[in-house]
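Quick one: sequence plus predicted model below, questions after.
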Number of protein chains: 2
Amino acid sequence: MSERGDSVEIAPEVARFDPRDAVPTLAWIGGPLDGRLRLIDQTRLPADCVLIDCTTVGQVWEAIRSLRVRGAPAIGIAAAYGCVLGARVRPTSPDAVREALHTAVERLRTARPTAVNLFWALERIGQAADRSHARTAEALLTELHTEATAIESEDRRTCRAIGAYGATLLRGLRGVLTHCNAGGLATADYGTALAVLFTAHEQGQALQVYADETRPLLQGARLTAWELQRRGIPVTVICDSMAAHVMRQGWVQAVIVGADRIAANGDTANKIGTYGLALLARAHSIPFYVAAPTSTFDPTIADGSQILIECRDPAEITHGSGRPTVPKGVSVYNPAFDVTPADLIDAIITERGIIQPVNYDQIARTLRESTRPQAHQA
Amino acid sequence: MSERGDSVEIAPEVARFDPRDAVPTLAWIGGPLDGRLRLIDQTRLPADCVLIDCTTVGQVWEAIRSLRVRGAPAIGIAAAYGCVLGARVRPTSPDAVREALHTAVERLRTARPTAVNLFWALERIGQAADRSHARTAEALLTELHTEATAIESEDRRTCRAIGAYGATLLRGLRGVLTHCNAGGLATADYGTALAVLFTAHEQGQALQVYADETRPLLQGARLTAWELQRRGIPVTVICDSMAAHVMRQGWVQAVIVGADRIAANGDTANKIGTYGLALLARAHSIPFYVAAPTSTFDPTIADGSQILIECRDPAEITHGSGRPTVPKGVSVYNPAFDVTPADLIDAIITERGIIQPVNYDQIARTLRESTRPQAHQA
């Protein structure tokens, strides 16, 4: 990676929190000019509940890169606030702010390649800077911060809407399987796939959730189980390899996952293992649902073959345990995502409604309803 | 588990070995009356290469239970030698030996429930005792030891035959995927599924092997990668959840696995994840092969629904890493095996030839050829 040579700044731990408390995944603390981005360090959950404060774009880059903050929508929000941190290093004039912003955007673009929300959020902040008539650096920085805040608050509303639409698909079901973490920790709050489970639960539906542990970084075991437990929803963690066996027992009647990028035809990039899960669901005649905001769609690419799949450090696989699990010198392949073809997806649940069947026309119609989420046009 | 109350004796570490050396998975050291069962402690590979010596049936029970020795054929051999260790605690008369043997057999039966080779080996040793006309304890113990040695040496020949038959199925292929460890470490020597790869490699075929890491205990990452590396066969370790993605890339043209118990109709119990892999292989039109000795068949059960699936300690999933990976109080499901229906298996490779198609009649014909492996009748 070209970033290898860059100095990596790690945001310091600034507070601990009680795992039973409602703590936002990420929050801006303070004003636009002197504030900071506070994050839950998700790499340390569930053993340690700590908050870190990012005050530089380098710290935000590192937090995204190393999955301290992860999940497509949360990455987008973190990047938007990271732009504010980057833009304010040259608060001498609007043009100086724009120049610093440009540098920050270029740096943040390299943090992770697959989730399109990152690029979408960076573009929104860039456009806000372009169209601004602010006459001072302070005024422009305040506008950029307002745009980042808008992205965050839209995401909160989006997640609630996804939950409400999605819950209608689960009525009468007893067991649901999910993969990785598409919960509150992957968004500003409430989640995408998990929002659907949270809403169904709030509506009084008794659900048993099976959570794939999700190798190599165990987001399902560590994060999804933690979120479901906090909300009092029964959850059983299984290894990824157990999903087919659980399906065959008849214990789940739906699979629901999030997404990192959805092509124009509905092909969906999501955490590695999703594609296999979709095939297994199909083999057991179990519906397979994707829950994602419209910001996760990338209408510029025709299908999934054009989605860049991030390959991560083999050490994530070999050194996750106390001692190395693979003999020295053995090759390891570590793609972070795979692509599930649209024809294996029974529906995509968005904040604008349920896309079903999943195809180019249905997606185009949903995206056309407005090219941007509502709040952006307000 | 009822065994919880029993005292657990752990065999001591007695030697280290160079990972490049050919060391038998298990070997009897010394004479029938004073010898011991030496095992590679597979729980510590690949980081530590240590040998342990079992001198009591309790130590053998613990070694099987905790997967220091694992793999259906190796479990059978270890249990056979464990019988000798158990039988000799009362060397006062043939009847006393038979009584002690009975106690040992009953204890070893509880070590693990799924692999039928365990019960098959215990029955063979029991039958050897029953039919013996030995007039001294020493003579009977020597006969039992001879039977255990026969089981071991039959397994060595069996593995070579499986390798030779199976290699014919791989001709012209470039990539093969395997799951868990069905190698020399799962048998006396050379393996079942891996024997096929070893033979193809020895015949000059260039193969790239993909090894599922195999959660929760990582036998693929730790053991299969280690064995393939020792033999100079290119191997890439992947997480279990990556198999579908690898198949979709077109990198593998066959999947080959071992087995723990095969029902009369061909339904096959093997390491958890095998069933899902078979479904994924079918979805990609990739042939799916099982390699196993005839001692792994259980003709007393009609189909896989009657195979008891061992559920193991959730801590294998939650505490494999340095710190707990699942929040306290969250439920965890840990089945060690699943059952792959016969119709997903393209062929079963045995020491008597290839069973194809896999069905009741073909299996019955193969098993009828002789009801016991050859050496047993010699």
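Great, that's in hand. Bear in mind that the values here come from a model prediction, so they are computed numbers and not experimental data.

B:Arg282 versus the nearest residue to A:Ala111 once chain neighbours are set aside, what's the distance?
Ranked by Cβ to Cβ, 6 or more residues apart in numbering or on different chains and with sequence neighbours excluded, the top spatial neighbour of A:Ala111 is A:Ile64, at 4.0 Å. Yep, even glycine has a C-beta here, placed from its N, CA and C like the rest. Applying Cβ to Cβ, to the nearest Å, the value for A:Ile64 to B:Arg282 is 38 Å.

When those two are compared, which one has more neighbours?
A:Ile64 (25 against 18; other Cβ atoms under 10 Å in any protein chain shown).

who in the stretch 1-150 of chain A is up against chain B?
Contact residues (Cβ under 8 Å from any Cβ of the partner chain) of the stretch 1-150 of chain A with chain B: A:Pro19, A:Pro46, A:Ala47.

repeat that with 6 Å
A:Pro46, A:Ala47 (Cβ under 6 Å from any Cβ of the partner chain).

and the one helix or strand A:Val196 maps to, C-alpha only, in CSV?
In this structure, A:Val196 sits in helix A:193-202 according to DSSP states H and E. What follows is helix A:193-202, C-alpha atoms only, in CSV (Å, rounded to 0.1, in the frame of the first residue of the first chain):
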residue,chain,number,x,y,z
ALA,A,193,-29.8,-5.1,8.8
LEU,A,194,-30.0,-5.0,12.6
ALA,A,195,-32.4,-2.0,12.4
VAL,A,196,-34.9,-4.4,10.8
LEU,A,197,-34.5,-6.8,13.8
PHE,A,198,-34.6,-4.0,16.3
THR,A,199,-37.9,-2.7,14.8
ALA,A,200,-39.5,-6.1,14.7
HIS,A,201,-38.4,-6.6,18.3
GLU,A,202,-39.9,-3.2,19.3
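
Identify all contacting residues around it.
With contact meaning Cβ atoms under 6 Å, 6 or more residues apart in numbering or on different chains, helix A:193-202 is reached by A:159, A:162-164, A:166-167, A:170, A:178, A:182-183, A:207, A:233, A:256-258, A:291.

Can you list the strands that the following helix or strand past it pairs with?
For helix A:193-202, the following helix or strand on the C-terminal side (DSSP H and E) is strand A:208-212. Applying DSSP bridges, strand A:208-212 is found paired with strand A:175-178 (parallel), strand A:235-238 (parallel).

Run a quick neighbour tally on A:Ala347.
Neighbours of A:Ala347 using other Cβ under 10 Å come to 20.

In this model A:Ile354 seems to touch it, though I could be wrong.
Yes - the pair A:Ala347 / A:Ile354 is scored as a contact, 5.2 Å apart, by Cβ atoms under 6 Å.

quick one, helices of the stretch 1-150 of chain A?
A:57-65, A:72-87, A:94-109, A:116-131, A:137-167 (DSSP state H, counting those that start in this stretch).

got those helices as a markdown table, with mean pLDDT columns?
Formatted as a markdown table, these follow (pLDDT from 0 to 100):
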| stretch | mean pLDDT |
| --- | --- |
| helix A:57-65 | 98 |
| helix A:72-87 | 98 |
| helix A:94-109 | 98 |
| helix A:116-131 | 97 |
| helix A:137-167 | 98 |
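
Of the ones you listed, which is nearest B:Gly220?
With Cβ to Cβ as the measure, helix A:57-65 is the member of the helices of the stretch 1-150 of chain A nearest B:Gly220 (28.3 Å).

With only the CA atoms kept, save that closest one in CSV.
The C-alpha trace of helix A:57-65 is given here as CSV (Å, rounded to 0.1, in the frame of the first residue of the first chain):
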residue,chain,number,x,y,z
VAL,A,57,-7.4,13.7,9.4
GLY,A,58,-4.6,11.2,9.8
GLN,A,59,-6.2,9.8,12.9
VAL,A,60,-9.5,9.4,11.1
TRP,A,61,-7.8,7.7,8.2
GLU,A,62,-6.1,5.3,10.6
ALA,A,63,-9.4,4.7,12.4
ILE,A,64,-11.2,3.8,9.2
ARG,A,65,-8.2,1.8,7.8
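
Report the residue ranges of every domain in chain A.
Here the domain parsing of chain A from automatic domain parsing is A:13-159, A:163-368.

Determine which stretch of the ones you listed is the most buried.
Among the domains of chain A, domain A:163-368 has the highest mean neighbour count (mean count of other Cβ atoms under 10 Å in any protein chain shown), at a mean of 22.

out of the strands paired with strand A:208-212, nearest to B:Thr136?
strand A:235-238 (54.0 Å).

same for the following helix or strand past that closest one, what does it pack against?
Per DSSP H and E, strand A:235-238 leads on to helix A:243-248 as the next helix or strand towards the C-terminus. Contacts defined by 3 or more Cβ pairs under 6 Å, 6 or more residues apart in numbering or on different chains; DSSP states H and E place helix A:243-248 against helix A:274-283, helix B:274-283.
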